[in-house]
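K.L.:
Below: sequence and its predicted model.
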Amino acid sequence: MSVDNASTIFFYRDFQGFSGGHMKVWHYFCHAQQSRRFIPRIFLTDSSVCDDSNPWSGITPSPLPAWNPIAADALFLAGLDWLAVPETPPCPVVNLVQHIRHGTPDDPRYAFLSRRAIRICVSEEVTSSILASGRVNGPVVTIPNAIDVQHFPAPAQVRDIALLIVGLKNPALAAGLASRLRHAGVHVTCQTQALPQREFLELIGRAETVVFLPTPQEGFYLPALEGMAMGALVICPDCVGNRSFCHDQVNCYRPTYTVDAIEQAVLLSIAMSLVDRAVMTNEGRQEALQHAFGKERRAFLDILDDLSSLW
């Protein structure tokens, strides 16, 4: 897209391996590429992993050779990126806030809330968390996380996995839950190792039912929404940040975060009629469609277009 003014917005990443947090920053980088006012540039730290898992690997123009925030017209920061900029920002800052823990005093990111920024929160739960701190300096906008369904693989025509447990963030619970369910006669596939994103989605697309095990507290938790988009019946325990889109017994099961409650949800899903299962998975697909990539992009570009007045 042509840019009317050659203003730059710098992104900063210390990429040590693929994660949902890095993916969402990458999404916002891609959104910025569609801006008519800003050209996004990325700086990757010297220690960053630059293999195929890094979405900025091989991009054009190349990553910035050095980090000089004073040379930018705007900055996009997430997480601990604040450590790489002066306490008084040299230009407008857009801060992506991806977790409710940013609003708790024992989190290192809590201290940054007093620094001036235009904050984008990925869920209403995150917004509520940081506002409750009383420390926020600058406007706060909620843009619910979106997924790029257009580039998802098609689900398998025949789903050959009865129950998939995704336990990367809680492998101990995943193993214990799998053992209990197998003892009850349930055929379980347990995934506790990271996979490339497309392989991960393809795995979900093979499953009838997917149990996602986030950490007990999340800012959003994208995998559950990805599971809905791939047509699986989703079971995802309450992790706070999933409350806005995981509607218990409507588009998924959202039990309390205990092994007993999750096991009970699995047994309820097994007992569902085909009609009830189809209704729930269809509700899940519709929920995923509500989190359209274009909607997230438009909301962010509106912020960039109005950056001077917001700042």
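P.N.:
Received the coordinates, thanks. Numbering: from 1, shown residues only.
K.L.:
Distance across stretch 68-86, terminal residue to terminal residue?
P.N.:
Chord length of stretch 68-86, first to last residue, is 11 Å (C-alpha to C-alpha, to the nearest Å).
K.L.:
buried stuff in it?
P.N.:
69, 72-79, 81-82, 84-85 (16 or more other C-beta atoms under 10 Å). Where C-beta positions appear, they are placed from N, C-alpha and C, glycine not excepted.
K.L.:
Turn those residues into TSV, including pLDDT and distance to residue 28.
P.N.:
Listed next are these as TSV, based on pLDDT from 0 to 100; distance: C-beta to C-beta, whole Å:
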residue	pLDDT	distance to residue 28
69	96	17
72	97	15
73	97	16
74	97	12
75	98	12
76	98	6
77	98	11
78	97	8
79	94	13
81	97	12
82	97	16
84	96	17
85	95	17
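K.L.:
Show only the entries of the residues you listed found in strands.
P.N.:
Using DSSP state E, the members of the buried residues of stretch 68-86 that fall in strands are 74, 75, 76, 77, 78.
K.L.:
ok, the second one touching residue 94?
P.N.:
Yes. Counting by C-beta atoms under 8 Å, residue 94 is a contact partner of residue 75 at 7.1 Å.
K.L.:
Between these two, which contacts overlap?
P.N.:
Here residue 75 and residue 94 have residue 9 as joint contacts, going by C-beta atoms under 8 Å, 6 or more residues apart in numbering.
K.L.:
ok, which pair from the buried residues of stretch 68-86 is furthest apart?
P.N.:
73 and 79 (21.8 Å; C-beta to C-beta).
K.L.:
Going by contacts, tell me the helices and strands next to the longest helix seen in the chain.
P.N.:
The longest helix of the chain (DSSP state H) is helix 274-290. Where contact means 3 or more C-beta pairs under 8 Å, 6 or more residues apart in numbering; DSSP states H and E, helix 274-290 is packed against helix 222-229, strand 233-235.
K.L.:
all helices of the stretch 101-250 of the chain, in order?
P.N.:
Assigned by DSSP state H, counting those that start in this stretch, the helices in the stretch 101-250 of the chain fall at 124-132, 171-183, 197-205, 222-229.
K.L.:
what's the offset of the last one from the middle of its chain?
P.N.:
To tie it back to what came earlier, the one meant is helix 222-229. Helix 222-229 has its C-alpha centroid displaced from the chain centroid by 10 Å (C-alpha atoms, centre = their mean, to the nearest Å).
K.L.:
Next: the longest one.
P.N.:
Taking C-alpha atoms, centre = their mean, the mean C-alpha location of helix 171-183 is offset from the chain mean by 25 Å.
K.L.:
Same question for the first one.
P.N.:
Between the mean C-alpha point of helix 124-132 and the mean C-alpha point of its chain there is a distance of 16 Å (C-alpha atoms, centre = their mean).
K.L.:
Give me the below-cutoff pLDDT ranges for this protein.
P.N.:
Low-confidence segments of the chain, defined by pLDDT under 70: 1-5.
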